[in-house]
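Trainee: Quick one, structure for this:
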Amino acid sequence: MRRTFDLRLAGVMLVAFSSAAQLAPAHAGSPIGSATPSLPHLVQWEVGDARAYRLRSEGHTDVDFALLARALSNGLGGNSVTPGTTLGRTQSHYAIEATLHWRVVASDATGAILAARLADVDAQFDDATDDRTELLETPFLITVTARGAIHAFTFPKRYPEALAELVRGLVAPLAVELPAAAGATWTSGDASADGLFESRHVVTGKDAEGISVHRTRTPVLLPSSTQTQRGQASADLVLADAGMLEWLESTEDMTTQNGNAFVGRHVGRLSAARIEAAPVAMPTTLEEAQSVLADPAFARARFYDVEPRLVASIEGRTARVIVADFSAEVAKNQAAGHALLKNYLRHYPNASTEVAKALSAYGADSAELVVGFAALSAAGHREAQDALVATLTSPASTSVLRERAIISMMDLEMPETFVLDAVWKVRNQLAAQGPKSSLSLSIANNVYGALGDIKKGNAEITDEVLANLAGSLHAAADRFQVILALDALTNVGDFARVAPLAAPHFDSVDAGVRTAAFVTFRRMTGEAAFDEFAERFARERDPAVLHEAALVAREMAPTTARRSWALRQLETCRDRGVLIPVVRMLGDEIATQPDHEAALRAALATTTDRQVRREIFAFVTPTTAGGHQ
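Mentor: Below you'll find the model as predicted:
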């Protein structure tokens with residue numbers, strides 16, 4: 001029997017091996033005598049070196065999905081999921097066999113990059129074979145440190161997260177961080193979505209196979225203060241003299257609770273042994289690997305993948321029937337309705353236009369219209385995009401429908417060029433009408449910039465968006481056109497190319513233009529971006545512009561430069577309009593930057609502005625006398 005398994009369970013099963021340190025007893029080697037076997041401190045990563053390991057992972061899980069769901073928002077602005085709309089407690093068994101191949105494609109003093117892939121995968125879930133072998137055998141990259149710890153996994157663009165989690169769960173336990181100094185014991189730490197963990201390693205012996213190590217791993221900090229884990233995780237492994245893993249056997253029995261409520265239990269075993277295996281097709285250079293990961297054809301194909309658990313709910317339905325089912329589901333839970341319609345559209349892409357027409361029968365403020373068009377956008381394929389453009393450009397569409405269609409386009413992950421052309425045309429038609437079309441124009445303008453968002457990784461689309469906006473900026477005949485182009489550039493977020501376009505406008509005599517130039521920094525990232533922002537901020541003299549710029553600074557990504565700038569403003573600035581965003585910026589990061597609290601308390605000694613003090617007291621505790629501690 002072959003089928004596609006609901007990988008929510010697979011992720012729960014195997015992420016435990018990568019994030020909770022599933023490990024177990026086995027080979028002990030000969031006992032340690034008076035001399036401790038010597039392990040290297042650094043792995044000798046050499047470009048071209050290759051290895052293969054045969055992996056087997058099996059076990060079972062018991063997970064209360066209803067409890068997990070009730071703790072989360074549905075992500076679409078509605079209420080939290082109710083118990084009756086989700087799976088309850090679910091048990092499942094899994095057995096996975098595969099061969100891991102990796103090859104070093106780049107290395108330096110800090111570590112290495114490995115091209116990797118699984119081969120000969122056999123994944124059994126509840127005695128059924130998962131049929132996504134081709135996806136599970138897709139190449140990926142592993143970045144490792146000089147001491148052997150895994151720093152990051154990099155999967156192809158739009159690789160399914162559930163499968164990525166499964167692969168990480170199989171592969172991550174094979175990494176062993178070598179000791180920083182000589183000795184028979186050492187510890188290492190790592191972070192994951194499941195919290196912070198500490199691994200303790202003890203050398204137990206040495207023989208012809210290599211150096212034997214026993215590893216135990218325990219949680220240090222969990223994601224929630226109410227979450228607890230109990231159980232055991234331990235492993236025995238053998239390392240070659242060069243610090244490379246030879247084999248590993250591990251087991252885990254771990255239960256997770258939230259307060260006194262049961263969340264889940266995982267009991268599993270993982271084994272890995274180095275083998276001699278015939279080479280498999282995989283990248284041999286870093287450039288080749290990066291090209292494979294960026295393959296747009298692979299990414300686009302994922303827009304036709306369907307969640308296995310929903311196949312029975314969508315198979316054989318007509319567009320009108322599924323929209324009726326979708327409406328009923330949205331009334332109970334918007335996220336569930338969104339998932340149902342998105343997967344229907346991916347299963348039946350040619351139904352996209354008919355679905356869009358069926359959705360248009362619902363009212364302007366209806367959840368069906370809002371969530372339905374969001375599902376069209378999330379489906380993401382060419383057919384769904386064509387349906388959105390048809391709605392936007394059809395003379396029969398109401399202004400509400402056109403607005404909903406264009407707003408939905410903002411979230412397209414891989415917009416086609418015909419979408420860009422349609423939005424650009426609408427944007428320019430509205431711009432020709434001047435400020436009187438301000439709301440519709442603002443939407444179209446911002447959507448056009450967002451289609452070129454650098455973070456989406458669509459280089460050709462970003463190039464076209466930047467070229468058109470740069471041309472519009474240079475041809476602008478008045479402040480209205482300049483501000484319009486700068487606003488759209490904000491959503492591109494590419495510091496290297498947007499900052500030079502905005503630079504001349506910091507010298508404008510028009511405060512509104514200078515403000516728009518500051519706003520272009522909002523979505524830029526990196527130290528260099530904030531350094532330039534800070535330099536522009538220091539030159540500005542108009543308080544109103546500075547107030548808006550301070551709001552932009554709060555929205556920018558955290559960096560060392562941003563933090564230093566905020567602390568400096570707190571100490572030297574006396575302008576309430578700047579200080580309030582600065583206080584909030586520093587207060588937001590108190591949990592990770594404890595010195596921010598001391599800085600805020602110190603500011604209480606010099607700040608008399610009541611509103612600023614009120615903002616500070618939102619983050620630090622006042623004394624009973626009303627002063628600062």
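
Trainee: Poorly predicted segments of this protein, please.
Mentor: Along the chain, segments meeting pLDDT under 70 span 1-37, 65-88, 191-195, 221-232, 437, 623-629.

Trainee: Please enumerate the strands of it.
Mentor: Assigned strands in the chain, in chain order: 2-3, 50-64, 89-108, 111-125, 128-130, 140-145, 150-154, 185-192, 195-207, 210-221, 227-239, 245-258, 261-274 (criterion: DSSP state E).

Trainee: Any idea which of these gets closest to R613?
Mentor: Nearest to R613 among those is strand 210-221 (32.6 Å), distances taken as CB to CB. (Glycine included, C-beta is placed from N, CA and C.)

Trainee: Who are the packing partners of the closest one?
Mentor: strand 195-207, strand 227-239 (3 or more CB pairs under 8 Å, 6 or more residues apart in numbering; DSSP states H and E).

Trainee: Tell me which of those strands lies nearest to L178.
Mentor: strand 227-239 (8.2 Å).

Trainee: picking that back up, export the helices and strands packed on strand 210-221 to CSV and tack on mean neighbour count and distance to V330?
Mentor: Compiled in CSV, the helices and strands packed on strand 210-221 are given as follows (neighbours: other CB atoms under 10 Å; distance: least, CB to CB, whole Å):
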stretch, mean neighbour count, distance to V330
strand 195-207, 18, 34
strand 227-239, 20, 31
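
Trainee: can those strands go into JSON lines with extra columns for distance to Q44?
Mentor: Shown next, in JSON lines, are those (distance: least, CB to CB, whole Å):
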{"stretch": "strand 195-207", "distance to Q44": "19"}
{"stretch": "strand 227-239", "distance to Q44": "13"}
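
Trainee: need the contact list for L42.
Mentor: Residues near L42 by CB atoms under 8 Å, 6 or more residues apart in numbering: A146, R147, L178, G243.

Trainee: Show the contacting residues for the third one.
Mentor: For L178, the contacting residues are L39, P40, H41, L42, V43, R147, G148, G243, taking CB under 8 Å, 6+ apart as the criterion.

Trainee: Quick check on it: phi, psi?
Mentor: Per-residue torsions, L178: phi -70, psi 160 (degrees, to the nearest 10).

Trainee: do you know which of the helices and strands packed on strand 210-221 lies nearest E97?
Mentor: Between E97 and the helices and strands packed on strand 210-221, the tightest spacing by CB to CB is seen for strand 227-239, at 18.7 Å.

Trainee: Centre-most residue in the protein?
Mentor: Residue closest to the average C-alpha location in the chain (CA atoms, centre = their mean): E161, at 9.4 Å.

Trainee: just to revisit the earlier point, from the contacts of L178, which is closest to G316?
Mentor: Of the contacts of L178, the one sitting nearest to G316 (CB to CB) turns out to be G148, at 51.5 Å.

Trainee: can you count the residues close to that closest one?
Mentor: Using other CB atoms under 10 Å, G148 has 23 neighbouring residues.

Trainee: do the same with V447
Mentor: Neighbourhood size, V447 [other CB under 10 Å]: 24.

Trainee: now swap in G316 and tell me
Mentor: The tally of other residues near G316 (other CB under 10 Å) stands at 8.

Trainee: again with A328
Mentor: A328, neighbours per other CB under 10 Å, totals 11.

Trainee: and what of T353?
Mentor: When neighbours are counted by other CB under 10 Å, T353 registers 17.

Trainee: Okay, the closest residue to it other than its chain neighbours and N350: tell me how far apart.
Mentor: With CB to CB, 6 or more residues apart in numbering as the criterion, T353 has its nearest non-adjacent residue at 4.6 Å, and that residue is A387. To N350, A387 is 10 Å away according to CB to CB, to the nearest Å.

Trainee: how far does stretch 294-306 stretch from start to finish?
Mentor: Start-to-end span of stretch 294-306 (CA to CA, to the nearest Å) is 22 Å.
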